[in-house]
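A.B. asks: after the sequence you'll find the predicted model.
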Amino acid sequence: MKWKTCIAVVAFFGCGLLSVFGVVALASNSESRVPAESKPVTMQEHEQMLEKLSMMKEEALAQRNDLIKQCVDILKTDEYKYSVTFAAIDLLGQIRAIEATDLLFAMVDRDRCQYTVGGRCSVITTIPEQAVRRYPVVKALIQIRPPHQSVVKRIRDVGNNIEPRCYVAILIGTQGVELSRYILEKEIEAETDEGIAWRVKRALMFLNEDYPPEASKKK
């Protein structure tokens, strides 16, 4: 009985080795084959390809513009259910529709609680990974990556009752923690208006609550 088992094991490994050698042989053969020489591209083919790429570019840009317009139209009306609204927001983020930034910023200010996954508004965290799970608008803006100056401007301009954590999450999501902290600190240093300075300090306070400076340095 033992010898039968030994034969079976040897046969098993033998088949395995043959398979390996077979793969190696095929690889060797494929490497030894000399690829056929490609025909040089003629000037006419070159011009045709340029024309084709130009047409494809125009079509792609036209489709993108049409897509953005349709999504923006959806977000400007309350006729659709949240599933459609969220899909439009997500699509704008996926294609990085910088043209829709102002509209999305306005949604953060005006309708942050309305456009929340789960339909409930809670105190938002500045941690981007957590914020994007509840606020599709925040996720889309992080994907679009607007200039940090435009995000800071929203922090400066929003009223004292507007929650700035969304904007801090967007800033961190696009610039990183330490650079965001540096940007806000420099903004406070340069600001002469006490009201605006207070708003930026408030945003920096929220950032430091979620990302304590000493903890970040240790990392």
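C.D. replies: Here it is on my side, so go on. Note that the structure is predicted; figures quoted are calculated from it, not measured.
A.B. asks: for the spatially most central residue of the chain, give me its contacts.
C.D. replies: In the chain, the residue lying closest to the centroid (CA atoms, centre = their mean) is residue 143, at 3.4 Å. Shown in contact with residue 143 (CB atoms under 8 Å, 6 or more residues apart in numbering): 93, 94, 96. Placement of C-beta: from N, CA and C, glycine included.
A.B. asks: please apply the same query to residue 127.
C.D. replies: Per CB under 8 Å, 6+ apart, neighbours of residue 127: 169, 172, 210, 211.
A.B. asks: number of nearby residues for the last one?
C.D. replies: Neighbour count of residue 211, defined by other CB atoms under 10 Å: 18.
A.B. asks: quick one: contacts for it?
C.D. replies: Residue 211 makes contacts with 126, 127, 172, 177, 181, as judged by CB under 8 Å, 6+ apart.
A.B. asks: and the host helix or strand of residue 197, what does it pack against?
C.D. replies: Here residue 197, judged by DSSP states H and E, is contained in helix 194-210. In terms of contacts (3 or more CB pairs under 8 Å, 6 or more residues apart in numbering; DSSP states H and E), helix 194-210 is packed against helix 148-157, helix 165-175, helix 177-190.
A.B. asks: how about that helix: buried residues?
C.D. replies: For helix 194-210, burial by neighbour count (16 or more other CB atoms under 10 Å) applies to 197, 199, 200, 202, 203, 204, 206, 207, 208.
A.B. asks: where does this protein dip in pLDDT?
C.D. replies: 1-37, 110-124, 159-162, 215-219 (pLDDT under 70).
A.B. asks: one more pass at 80, please.
C.D. replies: For the chain, residues meeting the criterion pLDDT under 80 lie at 1-38, 78, 109-125, 158-163, 214-219.
A.B. asks: in it, which helix is the longest?
C.D. replies: The residue-count maximum for a helix in the chain (DSSP state H) belongs to helix 43-75.
A.B. asks: next SSE after it?
C.D. replies: Counting by DSSP H and E, the element after helix 43-75 in chain order, helix or strand, is helix 82-94.
A.B. asks: residues in contact with residue 141?
C.D. replies: 93, 101, 104, 105, 108, 170, 173.
A.B. asks: from residue 151, how far out is it?
C.D. replies: As judged by CB to CB, to the nearest Å, residue 141 and residue 151 stand 8 Å apart.
A.B. asks: joint contacts of the two?
C.D. replies: With CB under 8 Å, 6+ apart as the test, residue 141 and residue 151 both reach residue 170.
A.B. asks: nice, that's everything, thank you.
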